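> Generate a structure from the sequence data that follows.
(2 chains)
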Amino acid sequence: MSAFLIRRLMQSLAVIAIMSFLVYALIGLMPGDPIDIMISSDPKLTPADAARLRSLYGLDLPIGERYWNWLTAALGGDLGFSRTHNRPVLDVMGPHLLRTLLLMGLSFVISVAIAIPLGVWAAARPYSFRDYTINLFSFAGRSAPSFWLALILIFVFAVWLGWLPAGGLETIGKGGFWDRAQYLVLPVLSLTLLNVAGFTRFVRAETMAVMRQDFIRTARAKGVSERDVLLRHALRNAMIPIVTVIALDFGTLFSGALITETVFAYPGMGKMIFDSILANDFNLALVGLLFATFVTLAANLGADVTYAVLDPRIALQ
Amino acid sequence: MSAAVLGAAAGTVSGRRELRRRRLRRFVRHRLAVASAIVLALLILAAAFAPAVERLLGADIRNVDLTALLQGPSLAHPLGTDELGRDLLVRLLYGGRISLLVGLTAAIFSALIGAVIGILAGYFGGRLDDLLMRFTDGVIALPILPLLIVLAAIDLTKLGLPASVANDGDISLYRIIVITALFGWTGVARLVRGATLSLKEREFVRAAIAMGASPWRVMRVHILPNAISPIVVATTLSVGGIILFESILSFLGLGIQPPIPSWGNMLTGAQEQMTNAPLLMIWPGLMIFITVIAFNFLGDGLQDALDPRALSD
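Numbering: from 1, shown residues only, chains lettered A, B, ... in the order given. The predicted structure is shown next:
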């Protein structure tokens, strides 16, 4: 078990190390560099000044050396300054992260609360009308472009009915719990619709797989009611793979948050990453991207370890 | 037709015909898959006839007509016009060309990458397998959309491309095909590896190895042709996802660049006209939805039809 843990941990660390270099190199390939931005804001800078500044900031060094300088600074806690926010990167990221956690957390809890009963209900009568209907819904949810769904929600609830605000974080000058809650409804709804579609499929498939096991037949044979077979025997055993698959899906969840936040102008991590890439805010984009990668890998590692703890056969493979 | 397939089926021609009939029945039973195949065929036809429709309606898609902004459906413009007075139907058809082209091309590229990685990992096993599969797991675990956004935004001149090529309008098309293929191959790689692992133990493969066939020949002649079903299924299933990514990037302004119409970038313009012309927003999204769901249904149906495990029940 511990050997398995150590191996998986080492693998994740290796992936993070490789990804940090790749992302650093990619950000370096974005149009312009920090000195170009200085030049555009200060026309008096001569090319000689620019070259001097580049060597002063180490921008003329080879990529490996630049990465090493950045890495040592970053590990020492210095992640640099955000150009567009004029604040240290970590100060910018904190509030954005909290807002994303709120958005994703809310929609995650609601989605799971809907998807588990729905999936089990479908699995209880496989290939029935009800099962096909739920399947069709889940298929449709996975095939719908999320940004389009968000646009339709905005049109229906904000433009047409006028019940809810179209996007943003809060009414300027108002704020407060109820005001913010109103702004959260549509983003949460749009994320939830897609998550439910994805999760329901897993719950259904896993429950159906468990329902074919011998112990289910035994339970039925000894007279356990169908309801208890489903909830106490099948679902409990199906929960392990369900939890794992949902955790493995974390990268997709994060991509979904990016789209939703951008369409609803909700200032979370996803929108922050998108805006920082478009605005050439190199430090912020770099740290935001690395953080997203890190969280996704951590979720994967967590899922693997949980699975191994719950099902010891995994660690032996 | 490879020797292996003929060899495996030799003497059982009727058995093979029976297999084919069962596959077809299974496929037809999956009515949604058949309906999807028809829908996709119609979409491809419509995309192919886009220039013809354009000529028929006399509506040049690049022609901005400020006297005919946001018009409702009429004889001249069956679906009306957009915020720049361009014909919506013709733009939808051209957008379909882009989406189908990107989706199919990128899916084929990813299938090629995935097949090579999967077959190498499965055939040679051991350390190479470990390395390639950990690599695959790593790619699967990445937050794909943020990375695609960066890849769509990078400056190609910094990669050594001449500025005339890097700033060309059509380059956005090739770029999006390449970057979506970079992330799309993992499903195929896993499936092909699995198929290779089981094929490697089959008698005809062992016989070929015993007769001295080189690994390259065994993989190309004996394993790949027999692993084609999972490749086809996974490729079909990946087209939908790729089209979704393309439309998201185009919607965000990082994919296909206007004035080339794509369903994604048509929605960017439509978003601003939401209060004036909500229908402008409905059509492109609906087209994406129909195309993606059709590819998903088709893939699902093919899986039922081709999966040998499903044949036994």
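> Would you list the phi and psi of the closest residue to residue B:159 other than its chain neighbours?
Closest residue to residue B:159 apart from its sequence neighbours, by C-beta to C-beta, 6 or more residues apart in numbering or on different chains: residue A:29 at 6.6 Å. Placement of C-beta: from N, CA and C, glycine included. As for residue A:29, its main-chain torsions (degrees, to the nearest 10) stand at phi -90, psi 0.
> got a list of what residue A:29 touches?
Residue A:29 sits next to B:154-155, B:158-159 when contact means C-beta atoms under 8 Å, 6 or more residues apart in numbering or on different chains.
> Throw the residues you listed into TSV and include secondary structure, thanks.
Output for the contacts of residue A:29, formatted as TSV (DSSP: H, G, I helix; E, B strand; the rest coil):
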residue	secondary structure
B:154	coil
B:155	coil
B:158	helix
B:159	helix
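> any idea which of those has the most stuff around it?
Using other C-beta atoms under 10 Å in any protein chain shown as the neighbour criterion, residue B:154 leads those with 19 neighbours.
> Please tell me I have it right and that residue contacts residue A:23.
No - using C-beta atoms under 8 Å, residue B:154 is not in contact with residue A:23; the gap is 11.6 Å.
> so where is the stretch 101-250 of chain B shaky, pLDDT-wise?
B:167, B:169 (pLDDT under 70).
> if you skip the residues just before and after it, what's nearest to whichever residue of it sits closest to chain A?
Nearest residue of the stretch 101-250 of chain B to chain A (C-beta to the nearest C-beta) works out as residue B:145 at 3.5 Å. Distances taken as C-beta to C-beta, 6+ apart put residue A:255 closest to residue B:145, at 3.5 Å, once the chain neighbours are dropped.
> Next, that neighbour: secondary structure please.
On the three-state scheme (three-state DSSP), residue A:255 is labelled helix.
> for residue A:71, helix, strand, or coil?
Classification of residue A:71 by three-state DSSP places it in helix.
> Pull the contacting residues for it.
Applying C-beta under 8 Å, 6+ apart, we find residue A:71 in contact with residue A:20.
> and the gap between it and chain B?
19 Å (C-beta to the nearest C-beta, to the nearest Å).
> one step back: want to try TSV for the contacts of residue A:29, with distance to residue A:291 as columns?
Below are the contacts of residue A:29 laid out as TSV (distance: C-beta to C-beta, whole Å):
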residue	distance to residue A:291
B:154	20
B:155	24
B:158	24
B:159	26
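> Can you give me the neighbour number for residue A:60?
For residue A:60, the neighbour count with other C-beta under 10 Å is 13.
> which ones are touching it?
Contacts for residue A:60 (C-beta under 8 Å, 6+ apart) come out as A:51, A:54.
> For it, report the pLDDT, please.
Looking at residue A:60, its pLDDT reads 75.
> Provide the secondary structure category for it.
Using three-state DSSP, the structure places residue A:60 in coil.
> Tell me where chain B has strands.
Under the criterion DSSP state E, chain B contains no strands.
> center of it, which residue is that?
Among the residues of chain B, residue B:239 comes closest to the average C-alpha position under C-alpha atoms, centre = their mean, at 2.5 Å.
> got the residues of the stretch 101-250 of chain A near chain B?
By the rule C-beta under 8 Å from any C-beta of the partner chain, the part of the stretch 101-250 of chain A lying against chain B is A:139-140, A:142-148, A:151-152, A:154-155, A:159-160, A:248.
> wait, which of these is closest to residue B:304?
Ranked by distance to residue B:304 (C-beta to C-beta), these are led by residue A:139 at 14.1 Å.
> Give me the neighbour count for that closest one.
Residue A:139 has 18 neighbours, counted by other C-beta under 10 Å.
> and residue B:11, what pLDDT?
On pLDDT, residue B:11 comes in at 50.
> do the same with residue B:3
Per-residue pLDDT puts residue B:3 at 43.
> Over to the one 5 residues further on?
Looking at residue B:8, its pLDDT reads 46.
> What's the separation between the residue most central in space within chain A and residue A:265?
Closest to where the C-alpha atoms of chain A average out (C-alpha atoms, centre = their mean) is residue A:254, at 1.7 Å. Applying C-beta to C-beta, to the nearest Å, the value for residue A:254 to residue A:265 is 18 Å.
> Name all residues that make contact with residue A:187.
A:103, A:107, A:150, A:260-261, A:264, A:266.
> mind listing what the closest residue to residue B:188 other than its chain neighbours touches?
Nearest non-adjacent residue to residue B:188, counting by C-beta to C-beta, 6+ apart: residue B:114, 2.8 Å away. Neighbouring residues of residue B:114 by C-beta under 8 Å, 6+ apart: B:184-189, B:191-192, B:231, B:234.
> what about residue B:114, distance to residue B:249?
As judged by C-beta to C-beta, residue B:114 and residue B:249 stand 21 Å apart.
> Where does the prediction get shaky in the stretch 1-150 of chain A?
Residue ranges of the stretch 1-150 of chain A with pLDDT under 70: A:1.
> hey, where'd the helices end up in it?
Using DSSP state H, counting those that start in this stretch, the helices of the stretch 1-150 of chain A run over A:2-28, A:34-41, A:47-56, A:63-75, A:89-124, A:129-143, A:146-153.
> where does the stretch 101-250 of chain B come near chain A, residue by residue?
B:134, B:137-138, B:140-147, B:149-151, B:153-155, B:158-159, B:240, B:244, B:247-248.
> now these: which count as buried?
Among those, those buried by neighbour count (16 or more other C-beta atoms under 10 Å in any protein chain shown) are B:137-138, B:140-147, B:149-151, B:153-155, B:240, B:244, B:247-248.
> Can you name the residues that contact residue A:99?
Contact partners of residue A:99, counting by C-beta under 8 Å, 6+ apart, are A:169, A:266-269.
> Pick out whichever of these sits closest to residue B:205.
For these, the nearest to residue B:205 is residue A:269 (49.1 Å; C-beta to C-beta).
> Go ahead and measure how far stretch B:242-253 is from the middle of the chain.
13 Å (C-alpha atoms, centre = their mean, to the nearest Å).
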